[in-house]
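Colleague: Provide a 3D model corresponding to the input given below.
(4 chains)
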Protein chains: 2
Amino acid sequence: MPPSRREELIETAMNVFYREGFNCTGIDRVLREAGISRMTLYNHFKSKDELIVAALRRRDELFRNRMRNFIESAAKDPADRLLAAFDFNAQWFASDEFNGCMFLNATSEFADPDCAIRRTAADHVRAIGQYILDLCRAANLRDPETIARQLHILLEGACAKAHAMDQVDASPEAYTETISAAKAAASALIDAVRPQTA
Amino acid sequence: MPPSRREELIETAMNVFYREGFNCTGIDRVLREAGISRMTLYNHFKSKDELIVAALRRRDELFRNRMRNFIESAAKDPADRLLAAFDFNAQWFASDEFNGCMFLNATSEFADPDCAIRRTAADHVRAIGQYILDLCRAANLRDPETIARQLHILLEGACAKAHAMDQVDASPEAYTETISAAKAAASALIDAVRPQTA
DNA sequence: ACTGGAATAGACCGATCGGTCTATCTATTC
DNA sequence: GAATAGATAGACCGATCGGTCTATTCCAGT
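Modeller: Predicted coordinates:
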C-alpha cells in the first residue's frame, strides 16, 4: 500500500517547515514539493496551523525514535546511554540538514504561548525530558529529577548554541567544541551522583 | 534633547519584535506603536531587515549592560559572579515580559544562516560567551575555555527550555526548577576546576 | 459498465505585506 | 521672512498569503 496523500503531506510539510521555517513558508511551497493539490490539503486539515501541528507530531515521533535507537544501540549501561545522547546530538549537528531544534524554532515563531503549535512543541520537550529522567532513574543516580533536568538543559543549550553560531564561515569544529564540552560537563555531573558501587 | 525619531523607532521595534516576533509583525504595527509615519522609517532604514538588525543591536547593548550591572553588583569574586549570571537569568525568566532569548528567536525565524540578521544574532551569542570566558579567566579556573563553554550552554539551555515550557497552565516554579538546576550544575562544574587555594 | 468518493488544476477572494510616492506641514537657520 | 530639511498622512503598488469554490478527471467496488 502506497503512503496516503495525507501521510505524504505531513512528511513533506515536516521537511519543508524544518528547512525553511513556518511563517516564511507558504502553503503553496509545501504543495508544490509534495505534488499535491490545494484542495487535498484542506480536505485533510482545517488550516495551515493544523498541518503544522501534524508535522510537529510526526517529527516528534521520528526524532525520538531515532534518538532512542541511537542511544540504545550505542550503550547498554544507563549512565553510558545518557552520555550517548550527546553523541547523538553531535552527529545531528554535523549533518547537512541541521537547522536547530524544530520545536524550539516553533516556539520562537509563534508568540502565543498557549496556541496549539506551542503546546505541541512543549509536549515534545517534555517527552525528551521524561526519557532522560527514565535513564537517570535506571542508572540509579541520586536525585534523578535534578540531574535529568541538568542533562536536558545541556542538550538543549548545545543545540541552541550550535544553531545560533551556524554560519558558513564558522569553523566546522565549532560544533565539536560545543557538544564535546557539553558531554564533558554531563560526564562530570553524572559521576558526582553515581550510586556508590563496589 | 529629546530622543531622535530614529532612536524612538529602534526602541519601539526592539520591544514589539521581542514581544510578537519578527515575521509575524508588520511594519505598520511598529509605526503605530511608535507614533511615527511610514516615510520616516524608510528615510532612516533601507528595509525592514535593516530595522530588525538595528533593533537586535540595541537589544544586545541593553541586555549585556543589564547583565553586567546585575552581575557586578551581585558579587565581587569572579567565581561568584559566574553564579550570579544564573540569578540574572532567574529574575529575567520570572518577569512578565520574558519571551525567550531574542537572538535565539531571530535565529529560528530566519532560515538563511548568513543573512545580516542571523549574523547579528550570532554576534550577540558570541559576545555573551566572551564575557563568560573573561569571568572564567578572572576566576583562574583551569581550562577556562571549556568551563566557559559549559556555563554558556547551561545559560542558553535554561533559557530555551524555560521559553519552550512557558504555558499559562505551567506551574510558576517550573522556571525556578529549571534555572536552579542549571545553577547547581554550574556550581559543581566550577568547583571542579577551581584553582587550589590555601 | 456504472457509480461514488477522492484527487486534480486553477481561478478566485479578501487581507496583509513591504515598499514607494506625493503633497502638506513644521521648525530651525540664516 | 524666506529657505531648507525633516516629519506627516495616506494613497498607492505589486506580490503573496491562507483559504474557498468549481469543474474535471481518475480509480476502485459492485
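Colleague: would you map the helices across chain A?
Modeller: Per DSSP state H, chain A carries helices over the ranges A:5-20, A:27-34, A:38-44, A:48-74, A:78-94, A:102-109, A:116-138, A:144-164, A:173-192.
Colleague: format these as TSV; extra columns: distance to chain B, mean neighbour count and mean pLDDT.
Modeller: The way it works is simple: take the backbone N, C-alpha and C, and place the C-beta from them, glycine included. As requested, those are exported to TSV (distance: least, CB to the nearest CB, whole Å; neighbours: other CB atoms under 10 Å in any protein chain shown; pLDDT from 0 to 100):
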stretch	distance to chain B	mean neighbour count	mean pLDDT
helix A:5-20	5	19	95
helix A:27-34	12	16	95
helix A:38-44	21	14	95
helix A:48-74	12	17	98
helix A:78-94	11	19	97
helix A:102-109	4	25	98
helix A:116-138	5	19	98
helix A:144-164	2	25	98
helix A:173-192	4	19	95
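Colleague: write out the residues of chain A neighbouring DNA strand D.
Modeller: For chain A, the residues in contact with DNA strand D (CB under 7 Å from any atom of the strand) are A:T25, A:G26, A:I27, A:D28, A:R29, A:R38, A:M39, A:Y42, A:S47, A:K48, A:D49.
Colleague: tell me the contacts of the residue nearest to the spatial centre of chain A?
Modeller: For chain A, the residue sitting closest to the mean C-alpha position, by CA atoms, centre = their mean, is A:C101 at 5.0 Å. The neighbours of A:C101, taking CB atoms under 8 Å, 6 or more residues apart in numbering or on different chains as the test, are A:E156, A:C159, A:A160, A:H163, B:A160.
Colleague: try A:I128
Modeller: A:R64, A:M67, A:H152, A:L155.
Colleague: which of those residues lies closest to DNA strand D?
Modeller: Distance ranking of those against DNA strand D, using CB to the nearest atom of the strand, places A:R64 first at 27.1 Å.
Colleague: thinking again about what came up before, can I get the helices of chain A in JSON lines including distance to DNA strand C?
Modeller: Formatted as JSON lines, the helices of chain A follow (distance: least, CB to the nearest atom of the strand, whole Å):
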{"stretch": "helix A:5-20", "distance to DNA strand C": "4"}
{"stretch": "helix A:27-34", "distance to DNA strand C": "8"}
{"stretch": "helix A:38-44", "distance to DNA strand C": "3"}
{"stretch": "helix A:48-74", "distance to DNA strand C": "12"}
{"stretch": "helix A:78-94", "distance to DNA strand C": "31"}
{"stretch": "helix A:102-109", "distance to DNA strand C": "14"}
{"stretch": "helix A:116-138", "distance to DNA strand C": "18"}
{"stretch": "helix A:144-164", "distance to DNA strand C": "23"}
{"stretch": "helix A:173-192", "distance to DNA strand C": "31"}
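Colleague: make JSON lines from those and add distance to B:Q91 to it.
Modeller: Shown next, in JSON lines, are the helices of chain A (distance: least, CB to CB, whole Å):
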{"stretch": "helix A:5-20", "distance to B:Q91": "34"}
{"stretch": "helix A:27-34", "distance to B:Q91": "41"}
{"stretch": "helix A:38-44", "distance to B:Q91": "45"}
{"stretch": "helix A:48-74", "distance to B:Q91": "31"}
{"stretch": "helix A:78-94", "distance to B:Q91": "29"}
{"stretch": "helix A:102-109", "distance to B:Q91": "21"}
{"stretch": "helix A:116-138", "distance to B:Q91": "23"}
{"stretch": "helix A:144-164", "distance to B:Q91": "18"}
{"stretch": "helix A:173-192", "distance to B:Q91": "24"}
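Colleague: farthest pair within the contacts of A:C101?
Modeller: A:E156 and A:H163 (10.6 Å; CB to CB).
Colleague: what touches both of these two?
Modeller: Common contacts of A:E156 and A:H163 (CB under 8 Å, 6+ apart): A:C101, A:L104.
Colleague: how far away is the nearest residue to A:T40 once chain neighbours are set aside from A:I132?
Modeller: Among residues not flanking A:T40 along the chain, A:R5 sits closest, at 5.5 Å (CB to CB, 6 or more residues apart in numbering or on different chains). Using CB to CB, to the nearest Å, A:R5 is found at 36 Å from A:I132.
Colleague: circling back: and of the contacts of A:C101, the nearest to A:A74?
Modeller: For these, the nearest to A:A74 is A:C159 (18.4 Å; CB to CB).
Colleague: per-residue pLDDT, the closest residue to the closest one other than its chain neighbours?
Modeller: Nearest non-adjacent residue to A:C159, counting by CB to CB, 6+ apart: A:C101, 5.0 Å away. Model confidence at A:C101, expressed as pLDDT, equals 98.
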